[in-house]
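Undergrad: Attaching a predicted model along with its sequence, questions to come.
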There are 2 protein chains.
Amino acid sequence: MQPTLAISTVIFALRPDENGRKALMLPLVRRIREPHLGKWALPGGPLEGNESLDEAAARNLRNTTSLSPRYLEQLYSFGAPERSAGASTERVVSIVYWALVGTDESNLAVESENVHWFAADCLPELAFDHNLIVEYALWRLRAKVNYSRVAHGFLGEEFTLAQLREVYEIVLGKAIDKGNFRRSVETSGAIVPTGRVVAGASNRPPALYTYDKTRSLADRGPLNKSSN
Amino acid sequence: MQPTLAISTVIFALRPDENGRKALMLPLVRRIREPHLGKWALPGGPLEGNESLDEAAARNLRNTTSLSPRYLEQLYSFGAPERSAGASTERVVSIVYWALVGTDESNLAVESENVHWFAADCLPELAFDHNLIVEYALWRLRAKVNYSRVAHGFLGEEFTLAQLREVYEIVLGKAIDKGNFRRSVETSGAIVPTGRVVAGASNRPPALYTYDKTRSLADRGPLNKSSN
DNA sequence: CCTACTTATTGTCAGATTGACATTAAGTAA
DNA sequence: TTACTTAATGTCAATCTGACAATAAGTAGG
């Protein structure tokens, strides 16, 4: 009577929503079998042969969106006995990950009848307890943006401070003072100026930065060393 | 070829170490079968019939120490394929919890040939990847003590500020200024004076406080509502 | 070339927070 | 009444924060 083990992933990207405004979005897949047939759900699947949990989550992400994550972290494991209730199937324990995908890459993501991107703060009713899971992932993302550098996961190699600030503004849903933002991010030492600038716009050309690659995006303590 | 699912728990308590000094300690159980026979390991076991993950961790804790936790939180899930290597047994995925036990109760804890308490910062070589797991739990505890009120999990209903500060000092392993500690903990609104004092000592009697029960010990966002 | 306009970047300043440390308060023991 | 111990409160400079002002460096259009 072992419960079934599944890996699911909440995938975040910044991309244009239906109004064309850049928003925090995530891809969902349509259930093609009972229970919850027809509802939208997090991409997921079983843990396979010899892969680690992290690898399973990454595979999962590739299969759904044909993208690779710029940041990937385990979120939580869900195993309440009622969560797959309604079905007469056996019990499922889900180990859930969350991932960030670069804005540019996310435009290449596949979309189809059964894969669709939704605005994170405006989801339909999802299968199982997936609404709660997304809510928690969102909470974690917003918390982590404030004390780590996960925001870089949305950006390319090089970026301007305005782009970085835009990420913060969209994720946190509020305006941030330009000057203060620059000050805090500069004193944190999280970013390194590349010396290059973006020319062409009809204003002062912004400097390009990159993040310090000698440090990982988020301090996960002892887990930084090991893979799972 | 489903992997086996197990629940383990890192249980922390403040209790006297072998030198009689109050220290951060945790109970371990001796492996009585292969693999890793004879080594010390985290208490754990399978997920049973109809219990939630949280319940399994709590049961686990009761079985090992006959105590109930004052704080219990999921830590992480470990599933690297090599982690149970060395054995020809099947693959094990562990969902690990961490718990805090009150100092007074922890003195009632059972200890036996196969259950022993160790100082958290001075462990022997443990079975599987359990050293890494304890290290991570410790890291999380120390981080969380700074931005939540989990420290109360070590104390009884009522406590003095000196007792609360002692918890911080032991967990963080450093001295904390009395005055500043009082100021920060008072302005945070985490504690409520009961009006009572501790009489009897040959000095000014300290006031007793209790924590604000309308708030949970740690803000876990959307997870505060649901049980797992 | 000069002016208007836009965004980047730097600067200012008052208020809040923090850490180190000093002082006063309230009890017991002798 | 004095000595001693820990509790509780107070002080102050340094740092950090948030709101906002001023300057810099481009382009576009005349």
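TA: Great, that's in hand. Note that the structure is predicted; figures quoted are calculated from it, not measured.

Undergrad: so who does residue A:125 touch?
TA: Contact partners of residue A:125, counting by CB atoms under 8 Å, 6 or more residues apart in numbering or on different chains, are A:39, A:131. C-beta: built from backbone N, CA, C; applies to glycine.

Undergrad: Next, count neighbours for residue A:194.
TA: Per other CB atoms under 10 Å in any protein chain shown, the neighbour tally for residue A:194 reads 13.

Undergrad: Describe which strands the helix or strand containing it pairs with in its sheet and in which direction.
TA: Using DSSP states H and E, residue A:194 sits in strand A:191-197. Using DSSP bridges, strand A:191-197 pairs in its sheet with strand A:207-211 (antiparallel).

Undergrad: and the partner strand, does that touch DNA strand D?
TA: No: Strand A:207-211 does not reach DNA strand D (CB under 7 Å from any atom of the strand); its nearest approach is 10.3 Å.

Undergrad: residues making contact with that strand?
TA: With CB under 8 Å, 6+ apart, strand A:207-211 has contacts from A:149, A:152, A:157-161, A:164, A:190-198, A:217.

Undergrad: how about a cut-off of 6 Å?
TA: Strand A:207-211 is contacted from outside by A:152, A:157-158, A:191-194, A:196-197, using CB atoms under 6 Å, 6 or more residues apart in numbering or on different chains.

Undergrad: try stretch A:94-105
TA: The contact list for stretch A:94-105 (CB under 6 Å, 6+ apart) reads A:6-14, A:53, A:57, A:61, A:67, A:69-78, A:133, A:137, A:153-154, A:156, B:77.

Undergrad: taking the residues you listed one by one, which sit in strands?
TA: Per DSSP state E, strands hold the following members of the contacts of stretch A:94-105: A:6-14, A:71-78, B:77.

Undergrad: Buried among these? Make that a PyMOL selection.
TA: Of the ones in strands among the contacts of stretch A:94-105, the buried ones go into a single PyMOL selection, burial set by 16 or more other CB atoms under 10 Å in any protein chain shown:
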select buried, (chain A and resi 6+7+8+9+10+11+12+13+14+71+72+73+74+75+76+77+78) or (chain B and resi 77)
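
Undergrad: Now the longest helix along chain A: buried residues?
TA: Longest helix in chain A by number of residues, with DSSP state H as the criterion: helix A:130-147. Using 16+ other CB under 10 Å as the test for burial, helix A:130-147 gives A:130, A:132-138, A:140-141, A:144-145.

Undergrad: how about the helix or strand just after that helix, does it reach DNA strand C?
TA: Per DSSP H and E, the first helix or strand lying C-terminal to helix A:130-147 is strand A:159-160. Yes: if you take CB under 7 Å from any atom of the strand as the test, strand A:159-160 does meet DNA strand C, through residue A:160.

Undergrad: Which is the succeeding secondary structure element to strand A:159-160?
TA: helix A:161-172.

Undergrad: For stretch A:36-49, output the C-alpha coordinates as PDB.
TA: In PDB, the C-alpha atoms belonging to stretch A:36-49 read as follows (Å, rounded to 0.1, in the frame of the first residue of the first chain):
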ATOM      1  CA  HIS A  36     -10.200  16.100 -12.600                       C
ATOM      2  CA  LEU A  37     -10.400  15.400 -16.300                       C
ATOM      3  CA  GLY A  38     -10.400  18.600 -18.300                       C
ATOM      4  CA  LYS A  39      -9.200  20.800 -15.500                       C
ATOM      5  CA  TRP A  40      -5.800  22.600 -15.600                       C
ATOM      6  CA  ALA A  41      -3.000  21.300 -13.500                       C
ATOM      7  CA  LEU A  42       0.700  21.700 -12.800                       C
ATOM      8  CA  PRO A  43       3.000  19.900 -15.100                       C
ATOM      9  CA  GLY A  44       4.200  16.800 -13.400                       C
ATOM     10  CA  GLY A  45       5.000  13.100 -13.600                       C
ATOM     11  CA  PRO A  46       6.500  10.100 -11.900                       C
ATOM     12  CA  LEU A  47      10.100   9.900 -10.700                       C
ATOM     13  CA  GLU A  48      12.000   7.800 -13.200                       C
ATOM     14  CA  GLY A  49      14.700   5.200 -13.000                       C
END
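
Undergrad: Please point out which parts of that stretch sit buried.
TA: For stretch A:36-49, a neighbour-count test (16+ other CB under 10 Å) marks A:36, A:40-44, A:47 as buried.

Undergrad: who touches that stretch?
TA: For stretch A:36-49, the surrounding residues in contact (CB under 6 Å, 6+ apart) are A:5-9, A:28-31, A:56, A:60, A:64, A:126-127, A:130.

Undergrad: Identify the farthest-apart pair in those residues.
TA: Spanning the widest gap among the contacts of stretch A:36-49 are A:5 and A:30, at 22.6 Å by CB to CB.

Undergrad: tally of neighbours for residue A:218?
TA: As a burial measure, residue A:218 scores 18 neighbours (other CB under 10 Å).

Undergrad: Spell out which residues of chain A are next to DNA strand C.
TA: Contact residues, chain A versus DNA strand C (CB under 7 Å from any atom of the strand): A:160-162, A:178-180, A:182, A:197, A:201-207.
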